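K.L.:
Any chance you could fold what I've pasted below:
(one chain, ligands or ions: 2)
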Amino acid sequence: MKISLVLLTWNELPGLQALFDKIPFDAVDEAFAVDGGSTDGTLEFYQQKNFRVLQQASKGRGEAFRMAFAQAKGDAILFYSPDGNEDPADIPKFRPLLEAGNDLVIGTRMVKGAQNEEDGKLLPIRKWANLSFNWMVNTRWNRSGQYVTDSINGYRAITRQAWEQLSPDGAGYTIEYQSTIRALKLGLKIAEFPTIEGQRIGPEKGSPSIETGLAFLKLYGNELKIGNNWQRRPSRAVTGTGSLIKEDKP
Ligand SMILES: Nc1nc2c(ncn2[C@@H]2O[C@H](COP(=O)(O)OP(=O)(O)OP(=O)(O)O)[C@@H](O)[C@H]2O)c(=O)[nH]1
Ligand SMILES: [Mg+2]
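P.N.:
Ligands and ions are numbered 1, 2, ... in the order given. Here you go, the predicted structure:
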């Protein structure tokens, strides 16, 4: 199986400087970055490393995922965010799980042997919200008997075949939650392995918690409403086909 590794960045220079050389590129068959419009030297960093980067026409992780699939050559894409939260040493753990026939592989921060950024905090509010989002999807859509413990984590790999079935149109940070929901709806095979979430390296900017939580609730409501009928709905225009791509091949 050919795996494409896609780095997702938007102003992530400090993280990239700390992590790029730790990425085990030999564990994948292709690697490139999708950038959401960095202005902090991230693009120049890629250029210095002679690393291929695609620049998004419009911002958001959802658009980045769609652009990655429009451009990658692999049978699966492994998404990696070099911001300190994700351990690059986990990258080789995805291949055996994909090759075993799983459609979606997620690094989970919520099981024994794993760690969430907020573990040890007195009030781990984001973690509690995440656990609630997990409960909501598992009780409604999971019929596999294997609870999905980290339905929103971005450290994940998806096969191209699954992606085409899921056809996620979610914007921004909802893309992962929507992909997991639709994978459960279709009964696709999901595997998780424990991962240790590190602290963000660059300046704190992450997803605004309240805004993102509300976007998740709205998405959940919509997924309840549409059931399995998304394939018949007109899909949103996919960024990243043809001339929209500003590609920077050093
Ligand atoms: N390509 C692309 N990457 C993005 C975009 N927005 C965020 N990212 C990257 O996605 C990764 C995760 O985003 P964060 O902002 O760290 O979100 P988070 O992990 O929920 O928040 P923190 O807990 O504060 O780290 C980082 O590597 C970002 O640089 C975007 O619009 N396009
Ligand atoms: Mg982060």
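K.L.:
what about the residue nearest to the spatial centre of the chain, distance to ligand 1?
P.N.:
With distances taken as CA atoms, centre = their mean, residue 154 lies nearest the centre of the chain, 3.2 Å away. For residue 154, the distance to ligand 1 (CB to the nearest ligand atom, to the nearest Å) stands at 6 Å. For the C-beta atoms, the positions are set from N, CA and C on the backbone; glycine is no exception.
K.L.:
wait, that residue sits on residue 8?
P.N.:
Yes: Residue 154 is within contact range of residue 8, at 7.4 Å (criterion: CB atoms under 8 Å).
K.L.:
what residues do those two have in common as contacts?
P.N.:
Common neighbours of residue 154 and residue 8, counting by CB atoms under 8 Å, 6 or more residues apart in numbering, are 61, 79, 81.
K.L.:
Counting only helices, which of those make the cut?
P.N.:
Of these, the ones assigned to helices by DSSP state H are residue 61.
K.L.:
low pLDDT regions in the chain?
P.N.:
By pLDDT under 70, the low-scoring segments of the chain are 206-207, 232-250.
K.L.:
ok, now with 50
P.N.:
Along the chain, the parts satisfying pLDDT under 50 run over 235, 237-250.
K.L.:
The residue of it positioned farthest from its centre and ligand 2: what is the separation?
P.N.:
Relative to the centre of the chain, and counting by CA atoms, centre = their mean, the farthest-placed residue is residue 122 at 27.6 Å. Taking CB to the ion, to the nearest Å as the measure, residue 122 falls 21 Å from ligand 2.
K.L.:
so the residue nearest to residue 195 when sequence neighbours are not counted, which of the three states?
P.N.:
Counting by CB to CB, 6 or more residues apart in numbering, residue 107 is the residue found nearest to residue 195 once chain neighbours are left out, at 3.5 Å. Taking DSSP: H, G, I helix; E, B strand; the rest coil as the rule, one finds residue 107 in the strand state.
K.L.:
which ones are touching residue 107?
P.N.:
Contacts for residue 107 (CB under 8 Å, 6+ apart) come out as 86, 90, 93, 150, 153, 155-156, 192-195.
K.L.:
Residue 135 too?
P.N.:
Contacts of residue 135 (CB under 8 Å, 6+ apart): none.
K.L.:
coming back round to it: how near is the residue farthest from the centre of the chain to residue 128?
P.N.:
Noted for residue 122: a distance of 12 Å to residue 128, by CB to CB, to the nearest Å.
K.L.:
Redo the contacts of residue 107 as a markdown table? Include neighbour count.
P.N.:
Shown next, in a markdown table, are those (neighbours: other CB atoms under 10 Å):
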| residue | neighbour count |
| --- | --- |
| 86 | 24 |
| 90 | 18 |
| 93 | 17 |
| 150 | 26 |
| 153 | 22 |
| 155 | 24 |
| 156 | 23 |
| 192 | 24 |
| 193 | 17 |
| 194 | 17 |
| 195 | 25 |
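K.L.:
Strands - which of those residues land there?
P.N.:
Judged by DSSP state E, strands contain the following of the contacts of residue 107: 156, 192-194.
K.L.:
Out of these, which two sit at the greatest distance?
P.N.:
156 and 194 (13.8 Å; CB to CB).
K.L.:
Residue 38: what secondary structure?
P.N.:
coil.
K.L.:
Report the spatially closest residue to it, excluding sequence-adjacent ones.
P.N.:
In this structure, residue 38 finds its nearest non-sequential neighbour in residue 11, 4.8 Å apart by CB to CB, 6+ apart.
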